[in-house]
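Student: Just to be clear, the model below is a prediction. Sequence and coordinates:
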Amino acid sequence: MKEKCTEPGCDNVILIGMPGAGKSTLGIVLAKILNYNFVDADLVIQNQCDKTLQKLLDACGPDGFIEMENQVLSDMDFQRTVVATGGSAVYSAAAMEHLRSIGRVVYLKISFDQLRERLCDFQDRGVVLRKGISMSLRELYDERRPLYEMYADITVDVNDLSITAAARKVASALQ
Ligand SMILES: Nc1ncnc2c1ncn2[C@@H]1O[C@H](COP(=O)(O)OP(=O)(O)O)[C@@H](O)[C@H]1O
Ligand SMILES: O=C(O)C1=C[C@@H](OP(=O)(O)O)[C@@H](O)[C@H](O)C1
Ligand SMILES: [Mg+2]
């Protein structure tokens, strides 16, 4: 297997996974463990557009939101940074190729049952539902899982772990 570049400019850690998998909360803990910076892509999008994610989703619809997210992620350029992406990042092929070129992509894998416990309100949580609001959590999970698997350099199962334990597991998987 081709070794991934870990030089400055491609030494970042990119977290992907379902909404609720822990990318944003675990990401900060991981950045502390690694002595890295932390960036939450959702906050970058909110800042650049001066609107909350929910307002952006309402205004642009799923396709418009994905296009905007693609643009923001494709422009990212960091060093020694943990990046928590939004769960919908994997709908943007160009963005994912770019992120893969600037770091290692870590998929935080969570079971459907644990996801259901964490995301009981997912239809009001600002999640991109490409098939409309009638889309079930099961359909969302089944649609996304192959995408997360396809873009992952490393997969870490975070089921039944506290945020700190999960962050430690990711850190050791990165060694
Ligand atoms: N390992 C975990 N164990 C228990 N709760 C968690 C864990 N990881 C995240 N959570 C909780 O799940 C919710 C979503 O976490 P968040 O980090 O925002 O996920 P994401 O950014 O992947 O959508 C938060 O309330 C968070 O506290
Ligand atoms: O999965 C999704 O469709 C989304 C997840 C959100 O981020 P988190 O994955 O951090 O919850 C946010 O990017 C956006 O509202 C869309
Ligand atoms: Mg998040």
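Tutor: All right, it came through fine. Ligands and ions are numbered 1, 2, ... in the order given.
Student: Next one: the residue in the chain positioned nearest to ligand 3 from ligand 2, what distance?
Tutor: Closest contact between the chain and ligand 3, by C-beta to the ion, is at residue 24 (3.2 Å). Placement of C-beta: from N, CA and C, glycine included. The gap separating residue 24 from ligand 2 is 5 Å, by C-beta to the nearest ligand atom, to the nearest Å.
Student: got it, and residue 154?
Tutor: From residue 154 across to ligand 2, the span is 18 Å (C-beta to the nearest ligand atom).
Student: measure that residue to residue 31 for me?
Tutor: According to C-beta to C-beta, to the nearest Å, residue 154 stands 16 Å off from residue 31.
Student: So between the two, which is more surrounded?
Tutor: residue 31 (20 against 13; other C-beta atoms under 10 Å).
Student: how about the more buried one, what does it touch?
Tutor: The contact partners of residue 31, by C-beta atoms under 8 Å, 6 or more residues apart in numbering, come to 37-38, 81-82.
Student: run the last query once more with 6 Å
Tutor: Applying C-beta atoms under 6 Å, 6 or more residues apart in numbering to residue 31 gives the contacts 38, 82.
Student: Would you mark the buried spots in the strand or helix carrying it?
Tutor: Following DSSP states H and E, one finds residue 31 within helix 23-34. Buried residues in helix 23-34, counting neighbours by 16 or more other C-beta atoms under 10 Å, are found at 23-24, 26-27, 29-31, 33-34.
Student: Give me the distance from that helix to the chain's centre.
Tutor: 13 Å (C-alpha atoms, centre = their mean, to the nearest Å).
Student: Do that helix and ligand 1 come into contact?
Tutor: Yes. Interface with ligand 1: helix 23-34 contributes 23-26 (C-beta under 6 Å from any ligand atom).
Student: how about low-confidence regions in this protein?
Tutor: 1-3, 6 (pLDDT under 70).
Student: for it, what spans make up the helices?
Tutor: With DSSP state H as the criterion, the chain has helices at 23-34, 41-49, 53-74, 93-102, 112-118, 137-151, 163-174.
Student: of all those, which gets the most neighbours per residue?
Tutor: helix 23-34 (a mean of 21; mean count of other C-beta atoms under 10 Å).
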